[in-house]
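Colleague: Got a sequence here, can you model it:
(one chain, ligands or ions: 1)
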Amino acid sequence: MTASMVLQLAPIGPLADALLRDELKAVCLWEQEAGWLEAHGAGVALLATSVRRGCDAAMIAALPNLRAISSWGVGYDTLDVAAAHACGIQVANTPDVLDDCVADLAWGLLIAAARRISAADRYVRAGEWKELGGFPLTTRVSGKRLGILGLGRIGGAIAKRGQGFAMEVRYHGRSPKDVPYGFEPSLTALAEWSDFLVVACGGGPETRHLVSAEVLAALGPRGILVNIGRGSVVDQQALIAALEAGRLGGAGLDVLQGEPGAPAALSSRDDVVISPHVGSATIETREAMERLVVDNLRAFLREGRVLTPVLP
Ligand code: DGY
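Modeller: Coordinates of the predicted model:
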């Protein structure tokens, strides 16, 4: 008997969940009794998951006839892509459709951190706005220097927006690209040059703590760090220490180590703005991401190839 079942590891979103259930007759693992995988794993051909739920090597081993994994989210740091590829299993994520929304949020955090918008809002709400000019001066955004760590699709969308703010843009990554921005082979040198350093790379062991105490020191007391990539890229203890010592100008963070939740050492500060990992969380983008999860499975069923593969 050939495997043909679609297995869903966790809820993805109302649209994807309905399409998976009604069209692809997906089995929801969380609704099954213990032992289901051992009894039925060999019948599973396609898997739907998300970057939040992930898919590890043990799950892949439990599904010996698996042929494709379709995951919600552009990140795939929680999927064992190497284990999947070693078994000839295609892996798909949901890139492209979220670039603009994540880039928009990066800019929102950058401006909010530089201009202290959250602190200003708290000041007004607390009834402290009793005289004009009472709120402290903040930092100019336009015309400054923008450094980007990771010039992928999202980093590119962030860079493009920098032109509207008359910013010079430079970037650091694995290798230079054919783009109108300067490549900086050293992240520390990029941080030293930058007024704003935006982290736009993915997570995983390769990028863990790339933004180290040394990089933060190079960014300096007037520099602002923005992170819309993964919390793991920033050494969070070093970030807290730099802010507390006045060695960093501020931070705008959509992702944190140990999320959900933020340590008081960050959330209590006026020079830090935090959003709860919502880079792609607009109605339009989340719908597009959910559709793409299903479209990847449809394409595999039709042509034997997912539309947006994660490459080895
Ligand atoms: C992604 O797409 O990887 C986001 O982090 C999901 O929230």
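Colleague: pLDDT at residue 1, what is it?
Modeller: You'll see residue 1 listed with a pLDDT of 59.
Colleague: What of residue 112?
Modeller: For residue 112, pLDDT reads 98.
Colleague: need the contact list for the nearest residue to residue 258 once chain neighbours are set aside.
Modeller: Leaving out its chain neighbours, the residue that sits closest to residue 258 by CB to CB, 6 or more residues apart in numbering is residue 231, at 7.2 Å. In this view, the C-beta of every residue, glycine as well, is placed from N, C-alpha and C. Contacts for residue 231 (CB atoms under 8 Å, 6 or more residues apart in numbering) come out as 203, 253, 255-259.
Colleague: switch the cut-off to 10 Å
Modeller: 199, 203, 253-259, 262, 277 (CB atoms under 10 Å, 6 or more residues apart in numbering).
Colleague: same deal with residue 156?
Modeller: Contacts of residue 156 by CB under 10 Å, 6+ apart are 99, 103, 148, 150, 169, 171, 177, 179, 181, 200.
Colleague: what about 8 Å?
Modeller: By CB under 8 Å, 6+ apart, the neighbours of residue 156 are 99, 179.
Colleague: do the one 10 residues further on as well
Modeller: Contact analysis of residue 166 by CB under 8 Å, 6+ apart lists 142-143.
Colleague: what about it, distance to the ligand?
Modeller: Residue 166 sits 30 Å away from the ligand, taking CB to the nearest ligand atom, to the nearest Å as the criterion.
Colleague: Determine the three-state secondary structure at that residue.
Modeller: Secondary structure, DSSP: H, G, I helix; E, B strand; the rest coil: residue 166 is coil.
Colleague: The chain should start at 656 in everything you say after this.
Modeller: OK, 656 is where the count begins now, so the last one is residue 821.
Colleague: any idea which element the residue nearest to residue 967 when sequence neighbours are not counted lies in?
Modeller: Distance criterion CB to CB, 6+ apart; nearest residue to residue 967, sequence neighbours excluded, is residue 740 at 5.1 Å. Element membership of residue 740, judged by DSSP states H and E, is helix 736-741.
Colleague: So is the next helix or strand after that helix next to the ligand?
Modeller: Scanning forward in sequence from helix 736-741 by DSSP H and E, the next helix or strand is strand 745-747. No: shown here: strand 745-747 not in contact with the ligand (CB under 6 Å from any ligand atom), separated by at least 12.7 Å.
Colleague: what's strand 745-747 packed up against?
Modeller: strand 723-727, helix 736-741, helix 938-958 (3 or more CB pairs under 8 Å, 6 or more residues apart in numbering; DSSP states H and E).
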